[in-house]
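Colleague: Requesting a structural model of the entry that follows:
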Amino acid sequence: MTYVNRHFYVAIMAGGIGSRFWPYSRTDYPKQFLDILNTGKSLLQWTFERFSQFIPPENIYIVTHQHYVSKVQEQLPELPVVNIVAEPSRKNTAPCIAYISHKINKQDPKANIICAPADHLILDSIAFTSTCLNALMFVQKHSALLTLGIKPTRPDTGYGYIQYETQQVADNVYQVKTFTEKPNLELARTFLQSGDFLWNAGIFVWNVKTILAALKAYLPEIDELFEQSRAALNTPEEKKVIENIYPQCTNISIDYAIMEKADNVYVIPSNFGWSDLGTWASAYENLERDDAGNAVQGKNVMMVDATNCMVKAPHEKLLVIQGLDEFIVVDTSDVLLICKKENEQQIKEYVAEVKRNKGEKFL
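Modeller: Next up is the predicted model:
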């Protein structure tokens, strides 16, 4: 395969625990390693495959928690082992992006990088490739922090919202006016009604020099930690140095730390069949449903007068579900979750409650 440009890179962020997909997603086997939609491949495998259509494997990095390195190796044997970047602890996306940016910069100061989550669903990979290449070519020439935006379909409080200028600065690229991370419901409704806003898909594209300049300007204390340790990056000393750096890093997202503050933020309004697969309801939306609106994963599930439910169960287990409407039912060998769909954002809270009351055994 002929690749477009040897200075194009991808950093796939795969360190989360996917607690909103509990109890199917567990701390020791989180959702990015699972086949959520019964496709025969995990979300991480799909993400890697999507990017490897136009980025060579040696330019694709997986940033993950150190506990998951062996899982990444298992699922992506074609990825060079040195391209699995292990974080010693979870500190959100800003330290993660600072780490990989400094690491790639030392190797290739001309790098242009896509930073993307490992657990998104993208239905139109051809449109996705085209959008990404357009983004990479733009950031190669401009000092731009670019994000991909999706037309919102509902007033969701779980996403960042992007308001952008009407005049494009390049082919389908617009300067961002405001970047609002996770607004309340009332504000999200206002954004949706105005028609001027996009969801932030959480897929960022920039030249390595541009993101390092932004880190220096808006997160100097984190940037300095990595800058001081530059000599150790891409050497056997890296692991030890990173273990020292991470406890000193603030736990903060790149959205709050940089994207909301910077004045060189741009967006490409995109349409490639995107879902962040953040919750059971988003899985439900993307699964085949029966005549009663039930999305059922499990060979021995019987639905009786039940409608619009999301059900996941082991194939060998018989479940008879009667009379439920708009529920999530997830059955595993040791945990059963029955939850109203409208309360699914609270699953994270239920997990915290389980941890408080029952310890870590069921997490």
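
Colleague: Quote the end-to-end distance of stretch 78-85.
Modeller: With CA to CA, to the nearest Å as the measure, stretch 78-85 spans 15 Å from end to end.

Colleague: hmm, I was thinking of stretch 68-86
Modeller: So stretch 68-86: terminal residues 8 Å apart, CA to CA.

Colleague: which residues touch it?
Modeller: Contact partners of stretch 68-86, identified using CB atoms under 8 Å, 6 or more residues apart in numbering, comprise 11, 14-15, 29-30, 33, 42, 44-45, 48, 57-58, 60-66, 99-100, 103, 239, 242. Where C-beta positions appear, they are placed from N, C-alpha and C, glycine not excepted.

Colleague: of those, buried ones?
Modeller: 11, 14-15, 30, 33, 42, 44-45, 48, 60-66, 99-100, 103, 242 (16 or more other CB atoms under 10 Å).

Colleague: so of these, which ones are in strands?
Modeller: 11, 60-65 (DSSP state E).

Colleague: between those residues, which is closest to A127?
Modeller: A127 has its nearest neighbour among these in I60, at 20.0 Å by CB to CB.

Colleague: Could you list which residues are in contact with the closest one?
Modeller: Counting by CB under 8 Å, 6+ apart, I60 touches 9-10, 12, 48, 51-52, 79, 83.

Colleague: How much space separates it from V72?
Modeller: 11 Å (CB to CB, to the nearest Å).

Colleague: before we move on, back to that, please identify which of the contacts of I60 is nearest to D276.
Modeller: Nearest to D276 among the contacts of I60, counting by CB to CB, is I12 at 14.2 Å.

Colleague: Just to check, that closest one is in contact with A116?
Modeller: Yes. Using CB atoms under 8 Å, I12 is in contact with A116, at 5.9 Å.

Colleague: out of these two, which sits in the busier spot?
Modeller: The neighbour count for I12 versus A116, taken as other CB atoms under 10 Å, is higher for I12 (27 against 23).

Colleague: what residues are up against that one?
Modeller: Residues counted as contacts of I12 (CB under 8 Å, 6+ apart) are 44, 47-48, 51, 60-63, 116-118.

Colleague: change it to 6 Å
Modeller: 47, 62, 116, 118 (CB atoms under 6 Å, 6 or more residues apart in numbering).

Colleague: Could I get the pLDDT score of it?
Modeller: Looking at I12, its pLDDT is 98.

Colleague: Repeat that for S19.
Modeller: For S19, the model assigns a pLDDT of 87.

Colleague: Tell me the spacing between it and K103.
Modeller: Distance of S19 to K103, given as CB to CB: 28 Å.

Colleague: likewise W274?
Modeller: W274 is 28 Å from K103, by CB to CB.

Colleague: just E288 next, same as before
Modeller: E288 sits 41 Å away from K103, taking CB to CB as the criterion.

Colleague: now do R189
Modeller: Distance from R189 to K103, by CB to CB: 41 Å.

Colleague: What is the burial count for the closest residue to E285 other than its chain neighbours?
Modeller: Among residues not flanking E285 along the chain, S275 sits closest, at 6.9 Å (CB to CB, 6 or more residues apart in numbering). Counted with other CB under 10 Å, the neighbours of S275 add up to 17.

Colleague: can you give me the strands for the stretch 101-250 of the chain?
Modeller: Ranges of strands within the stretch 101-250 of the chain are 112-117, 121-122, 145-150, 160-170, 173-181, 197-207, based on DSSP state E, counting those that start in this stretch.

Colleague: Arrange these in CSV, one row each, with distance to N357 and mean pLDDT as further columns.
Modeller: Listed next are those as CSV, based on distance: least, CB to CB, whole Å; pLDDT from 0 to 100:
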stretch, distance to N357, mean pLDDT
strand 112-117, 30, 98
strand 121-122, 33, 94
strand 145-150, 38, 96
strand 160-170, 33, 92
strand 173-181, 31, 90
strand 197-207, 32, 95
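
Colleague: Switch these over to a markdown table; also include distance to S229.
Modeller: Listed next are those as a markdown table, based on distance: least, CB to CB, whole Å:
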| stretch | distance to S229 |
| --- | --- |
| strand 112-117 | 19 |
| strand 121-122 | 35 |
| strand 145-150 | 24 |
| strand 160-170 | 30 |
| strand 173-181 | 29 |
| strand 197-207 | 22 |
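
Colleague: out of those, which comes closest to S282?
Modeller: Taking CB to CB, strand 121-122 is the member of these nearest to S282, at 8.0 Å.

Colleague: Could you list the residues in contact with stretch 209-220?
Modeller: For stretch 209-220, the external contacting residues (CB under 6 Å, 6+ apart) are 98, 101, 143, 223, 257-258, 261-262.

Colleague: Now, of those residues, which are buried?
Modeller: 98, 101, 223, 257-258, 262.

Colleague: how far is the helix ranked longest in the chain from where the chain is centred?
Modeller: As assigned by DSSP state H, the longest helix anywhere in the chain is helix 125-141. Distance of helix 125-141 from the chain centroid (CA atoms, centre = their mean, to the nearest Å) equals 18 Å.
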